[in-house]
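In: dropping the sequence and predicted coords here.
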Amino acid sequence: MLESRSFGLEGRFVAIVSALVLATAACGGGSNNSSAPTAPTSPAPAVATTATLTGQVVSLNGGAPISGIAVDANGVAATSDIQGMFSVTMPSGATAERIVMTAPQILSRTVFVTRTTRTLRLDVIRTDDGGFETAYYRQFVRNEFGTTTTGLQPIRRWTRSPSFYLRTVDEKGTPVDPAILDGVEADIRLVVPMFTAGQFDVATIERGTQTRETTSGWITVRVFTDTEEQGVCGRANVGLELGGLITLYKTGCGCDGSPIGHGLTRHELGHSMGFWHTDRRADVMFPTIGACHAMPSSAERFHASIAYARPVGNMDPDIDPSTTIRVAPQIAVN
C-alpha cells in the first residue's frame, strides 16, 4: 500500500543528498568523474533575403535570342542584352513573381515564377518575322471572329493524346454505315497531329453503342441521320479534355457522294483540339465547309503550334495563368 508522507525542508534536503549519493555510486569507475566535453554548436545558416533571377529571352517562333526586351519584375527593371540575357534581384520567398516582357517586336508576355535564385529560358512571340499574325491568331485561337459578346477566349487545348469513341448507332439506335466510321477514323488519325503541332497523336480509337462524353481524355463522335438543324452540319466542344463530343449531321451535309465529307470531320476536329473559326476560305476552320477534302492550312498549322506552346488558360495578348486552371467548356457550331 502506498503511503503519503510530507517532509519538512530538512527532510527534502536529506532526500536530495541521498539521491545524489546513489547516482554517484551507480556510475562506478573511480573517483575522477569529469563530464564529457560539449560539442560546439554550429551557427544557423544564414537565410537568403534576396533572389537573383537570371533569364534568356528567345523567340518562340524561331528560337533565336532577342535583345532589347524590357523586363519588369514587380518594379525591378532590366533589359535583355545581345544574347537575350537579363538579371533581376528581388526579395526571396515562395510568392509567385509576375514577370512582364515588352518590346515593339513582340506580343507583351507575362509569366509567373517563384522568387528563388534560378536561371530561366523565357520565350516570346515575335510579330515581325513574317509568319505570325496577331489578328489571325485572335480569330483562330481566341474566337475573335466568332463572337464579340464573350470577349477573347483563353487558350483551350489538350495536354495529352486524346482517345476517341465512335458510336456505331445513330440517335434512333440504327446502325451507322461502317464506311462512314472508317472515313471518320482516318480523318482523326490524319489531323490530330497537325492541330497539336505534332505533340500528340491519337491514344486509342474504340467503337460501340455507348458513349464517353463525361470521361476525361475521351472525345465521343456520334453521327445523326434524321435529326437536322437548319444550316448546321456539325457541332463540337472546343478543347474539352474532360470528355468532349462531336456531332456530325448526315442529312444534307454530304460531299462527293459521301454522307459526311472529310472537310466537315476535320473542321469539327479542329474545334475539339481547341480552335475557332477564321475568315479565310482556304482554312478548314472557315465557318462554311468548302472543299470536300479540305486540310488544315499552313497558317492554321503554324498558329496552332504557337497555341500548343502555351498553357491552358493563357490570355490575350500572351499572359500565362498564375496557377493551373481549367476553362469552362464551349460549344462551336459547324
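Out: Noted; the coordinates are in hand.

In: only C-alpha atoms for contact and neighbour calcs from this point on.
Out: Noted.

In: residue 133 versus the closest residue to residue 82 other than its chain neighbours, what's the distance?
Out: Distance criterion C-alpha to C-alpha, 6 or more residues apart in numbering; nearest residue to residue 82, sequence neighbours excluded, is residue 67 at 4.8 Å. Using C-alpha to C-alpha, to the nearest Å, one obtains 21 Å as the distance from residue 67 to residue 133.

In: pLDDT value on residue 39, please?
Out: We have a pLDDT of 56 for residue 39.

In: hang on, I meant residue 43
Out: 60.

In: got it, and residue 96?
Out: Residue 96 is given a pLDDT of 78.

In: got a list of what it touches?
Out: Applying C-alpha atoms under 8 Å, 6 or more residues apart in numbering to residue 96 gives the contacts 112, 113, 114, 115, 322.

In: residue 321 too?
Out: 111, 112, 311, 313, 314, 315.

In: can you show me the strands along the stretch 51-200 of the chain?
Out: Counting by DSSP state E, counting those that start in this stretch, the stretch 51-200 of the chain has these strands, from start to end: 70-73, 76-79, 85-91, 93-102, 109-115, 118-124, 163-167.

In: tell me how the protein divides into domains.
Out: Annotated domains of the chain cover 50-124, 163-333 [automatic domain parsing].

In: burial count for residue 269?
Out: 29 (other C-alpha atoms under 10 Å).

In: A strand includes it, no?
Out: No. Counting by DSSP: H, G, I helix; E, B strand; the rest coil, residue 269 is not part of a strand but helix.

In: in this structure it contacts residue 190, no?
Out: No. Residue 269 is beyond contact range of residue 190, at 10.4 Å (criterion: C-alpha atoms under 8 Å).

In: for residue 237, which of the strands of the stretch 51-200 of the chain is the nearest?
Out: Minimum separation from residue 237 across the strands of the stretch 51-200 of the chain (C-alpha to C-alpha) falls at strand 163-167, 13.5 Å.

In: neighbouring contacts of that closest one?
Out: 181, 202-212, 217-223.

In: mind checking which of those are buried?
Out: 181, 202, 205, 211, 212, 217, 218, 219, 220, 221, 222, 223 (16 or more other C-alpha atoms under 10 Å).

In: can I assume the fourth one is in contact with residue 220?
Out: Right, the one you point to is residue 211. Yes. If you go by C-alpha under 8 Å, residue 211 and residue 220 touch, sitting 6.1 Å apart.
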